[in-house]
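Enquirer: Predicted model and sequence below, questions to follow.
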Amino acid sequence: MKNVDTQHLLSESYKSTRRYTSHNPMTRNGFREIVASPKSYKFFVENLSEGLENETKRDFVMLAENTRQRFLENASTSFGNPYETLTLPILRRFYPRLLAKELVNVVPINKPEVIMVFMRAYYGQYTDVAAGNYPYQFPYVSPDDRISAQKPGESGSPLVDISRGPSTGINFAGTTGFGAYSVNILSLISEDLNQSNTHVEKDFQIVAVSDSDTSTFTSLPSPVSADVDGNFSFDVDFDGTSADTVIGRINYFNGELDWQCVSGNVNALQFKAIASLEENKINPSVQYKLEKVNLRVVDRRISAAWTIPFEQDVKALYDINAQAEFVNVIGEQIALEIDREIIDSLIQANYTNNDPATHVISFDKTPATNFTFGPKQWLENILPPLTELSANIYNSCLMGSANTLACNPVDAALFENLNDFRYDGNSVEGGEAGYRSATVQGGKWKILTSSIVPAGKIIAKYRSADLQRAAFVYAPYVPALLTPYPLAENPSLTILSRYATKLLRPEAIGIVEVEKSAGV
């Protein structure tokens with residue numbers, strides 16, 4: 001966002017709007033006419049949004065429209081108050097300075113209480129679905145005790161691949177006479193399976209045979225696969241003592257296996273078969289559920305009192321626009337306090353909901369006693385634990401690693417010592433108590449710097465561009481509105497901000513605790 005002087009922005013916006021609409025937005029009647037005309041109001045808002053980035057501008061326009069609707073609803077009472085013309089300039093000053101809009105997902109709402117709906121997907125394998133269960137929520141990865149591949153002879157839970165379904169290998173041993181032998185593979189898998197609900201996949205293989213004098217199976221040099229029509233044949237030699245040729249067919253549709261041997265030296269086959277997932281009822285299923293989150297707005301109010309002579313005197317003596325300063329001070333203070341509330345909520349959510357072993361790391365700014373390089377080189381050691389913390393967040397939320405950091409200017413100095421630290425905008429944007437942003441590690445993390453973040457606490461967070469995967473939501477309703485006040489010698493300007501917040505996925509949050517040992 002460009003660094004725009006508030007007084008200049010107001011002056012130019014007022015002039016352009018007056019030329020375009022023939023109404024002066026600084027006067028009560030002029031502002032009333034502009035609000036009553038959607039076209040004029042849109043032009044005024046477009047002028048005020050100059051310099052905003054696309055996403056911020058989009059939200060600003062929507063919030064401005066919410067404000068207009070509030071004006072129209074209250075037209076019979078407070079609307080038309082001369083100082084209410086400052087509402088949109090305050091919004092212009094207030095909203096772009098929010099640290100929260102870069103740290104959490106912003107969802108402007110148009111009612112004081114709304115139901116936000118998130119669609120969640122739950123999966124179940126064949127046996128789960130048959131029992132009415134869908135135990136795996138998207139995105140799903142096996143728990144830690146299932147992650148490592150099982151070696152032969154190892155105990156522990158098997159790996160769970162949701163999309164594979166009941167891919168059960170079947171070993172079958174049977175005796176043969178001098179004629180054909182037949183068996184139904186589907187009935188061996190489950191008595192509930194038949195040709196009406198599943199089939200045999202076309203990767204059927206014969207893996208071992210048994211001769212007529214023993215029940216011990218001898219593995220084939222390589223598994224024998226049936227062709228596309230289910231036919232197979234192969235020769236077998238039992239250690240040079242006897243040989244035979246096996247001929248058979250697997251019916252993929254109904255599961256019938258028919259086979260015979262030429263010389264009668266083979267009395268059993270061992271094979272592998274997998275139930276098909278192409279056209280059946282055993283296919284793992286997904287169930288969608290709507291998760292409803294109630295967003296109810298809260299109010300914040302700040303008042304400013306002054307006198308009409310004071311406003312006139314500072315203008316005449318010092319050329320200071322008192323109205324513009326009121327906009328600066330009150331708008332920025334509201335933004336800071338909303339940011340502080342959200343940041344405190346994120347920190348508390350991490351300590352309350354997450355495992356400190358994986359979501360909290362510590363870093364000591366004091367170099368170790370055996371560290372032979374300088375302090376600047378030591379500070380680069382924050383990158384390995386921060387990278388691990390980001391990866392732990394990825395493993396917990398299964399959506400992405402931490403991509404946004406929020407820190408106090410004292411802690412931001414850690415990153416400013418790194419060679420690849422880069423500001424991505426004006427370093428003073430946001431004001432002395434506001435925020436500024438930068439990137440590090442080639443843009444891996446966006447760093448938001450603000451005095452309202454507690455020193456010694458760096459918030460690492462995954463921020464998704466997709467609202468359905470949001471971790472924390474800030475939902476402004478009417479972010480800045482002037483409440484009624486008496487027009488007297490000492491007017492009181494009260495700014496009301498109405499918004500809602502909601503924590504959705506605490507696992508997308510982590511904390512870096514920055515310390516400094518004594519002695520350095």
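Expert: Structure's in. What do you need?

Enquirer: Contacts only, for the closest residue to Ser242 other than its chain neighbours.
Expert: Distances taken as C-beta to C-beta, 6 or more residues apart in numbering put Asn265 closest to Ser242, at 4.5 Å, once the chain neighbours are dropped. For the C-beta atoms, the positions are set from N, CA and C on the backbone; glycine is no exception. Applying C-beta atoms under 8 Å, 6 or more residues apart in numbering to Asn265 gives the contacts 211-212, 236, 238, 242-244.

Enquirer: mind checking how far the residue of the chain most remote from its centre is from Tyr318?
Expert: The outermost residue of the chain relative to its centre, with distances by C-alpha atoms, centre = their mean, is Thr241 at 66.1 Å. For Thr241, the distance to Tyr318 (C-beta to C-beta, to the nearest Å) stands at 113 Å.

Enquirer: now do Lys101
Expert: The gap separating Lys101 from Tyr318 is 34 Å, by C-beta to C-beta.

Enquirer: okay, and for the stretch 301-450 of the chain, where does confidence drop off?
Expert: Within the stretch 301-450 of the chain, the set of residues satisfying pLDDT under 70 comprises 304, 306-308, 319-321, 323-324, 327-328, 423-436, 441.

Enquirer: ok, now with 50
Expert: Regions of the stretch 301-450 of the chain meeting the criterion pLDDT under 50 cover residues 426-433.

Enquirer: could you pull out the strands for it?
Expert: Listed from the start of the chain, the stretch 301-450 of the chain has strands (DSSP state E, counting those that start in this stretch) covering 360-364, 404-407, 422-423, 435-440, 445-450.

Enquirer: Extract the CA atoms of stretch 44-60 and return them as PDB.
Expert: Provided in PDB are the C-alpha atoms of stretch 44-60 (Å, rounded to 0.1, in the frame of the first residue of the first chain):
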ATOM      1  CA  PHE A  44     -16.600   9.000  -3.500                       C
ATOM      2  CA  VAL A  45     -15.500   5.600  -2.200                       C
ATOM      3  CA  GLU A  46     -13.300   5.000  -5.200                       C
ATOM      4  CA  ASN A  47     -11.500   8.200  -4.600                       C
ATOM      5  CA  LEU A  48     -11.000   7.400  -0.900                       C
ATOM      6  CA  SER A  49      -9.600   3.900  -1.800                       C
ATOM      7  CA  GLU A  50      -6.800   5.400  -3.900                       C
ATOM      8  CA  GLY A  51      -3.500   3.700  -3.000                       C
ATOM      9  CA  LEU A  52      -4.900   0.500  -1.600                       C
ATOM     10  CA  GLU A  53      -3.900  -2.900  -2.800                       C
ATOM     11  CA  ASN A  54      -6.500  -5.000  -4.600                       C
ATOM     12  CA  GLU A  55      -7.600  -7.200  -1.700                       C
ATOM     13  CA  THR A  56      -7.600  -4.400   0.800                       C
ATOM     14  CA  LYS A  57      -9.500  -2.200  -1.700                       C
ATOM     15  CA  ARG A  58     -12.100  -4.900  -2.300                       C
ATOM     16  CA  ASP A  59     -12.800  -5.200   1.500                       C
ATOM     17  CA  PHE A  60     -12.800  -1.400   1.900                       C
END
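
Enquirer: And for it, what's in contact with it?
Expert: The set of residues external to stretch 44-60 that reach it, using C-beta under 8 Å, 6+ apart, is 1-2, 4, 9, 12-13, 16-17, 21, 25, 34, 61, 64-65, 88-89, 91-92, 95-96, 101, 106, 108, 476.

Enquirer: Which ChimeraX command selects the buried ones in these?
Expert: In ChimeraX, this line selects whichever of those come out buried by 16 or more other C-beta atoms under 10 Å:
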select :4,9,13,16,17,21,25,34,61,64,65,88,89,91,92,95,96,101,106,108,476
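
Enquirer: Which ones among the contacts of stretch 44-60 lie within helices?
Expert: Where these overlap with helices, as defined by DSSP state H, the overlap consists of 9, 12-13, 16-17, 21, 34, 61, 64-65, 88-89, 91-92, 101.

Enquirer: Next, give me the two most distant ones among those.
Expert: Of all pairs drawn from the ones in helices among the contacts of stretch 44-60, the greatest distance, 29.7 Å, lies between Thr21 and Lys101 (C-beta to C-beta).

Enquirer: Give me whichever of the strands of the stretch 301-450 of the chain is most buried.
Expert: Between the strands of the stretch 301-450 of the chain, the one whose residues have the most neighbours on average, counting mean count of other C-beta atoms under 10 Å, is strand 404-407 (a mean of 25).

Enquirer: partner strands of that one, parallel or antiparallel?
Expert: Strand pairing for strand 404-407, using DSSP bridges, gives strand 445-450 (parallel), strand 457-461 (antiparallel).

Enquirer: can you tell me which of these comes nearest to Asn254?
Expert: Within the strands paired with strand 404-407, the stretch nearest Asn254 is strand 457-461; the backing value is 55.3 Å (C-beta to C-beta).

Enquirer: Output that closest one as PDB - backbone C-alpha positions only.
Expert: Once side chains and other backbone atoms are set aside, the C-alpha atoms of strand 457-461 remain, and they are given as PDB (Å, rounded to 0.1, in the frame of the first residue of the first chain):
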ATOM      1  CA  LYS A 457       6.800 -13.800  21.300                       C
ATOM      2  CA  ILE A 458       6.900 -14.400  17.600                       C
ATOM      3  CA  ILE A 459       3.700 -15.700  16.200                       C
ATOM      4  CA  ALA A 460       4.100 -18.200  13.400                       C
ATOM      5  CA  LYS A 461       0.900 -18.900  11.500                       C
END
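
Enquirer: hmm, who's touching that strand?
Expert: 103-104, 343, 346-347, 350, 386, 389-390, 393, 402-408, 411, 445, 453, 471-472, 508-514.
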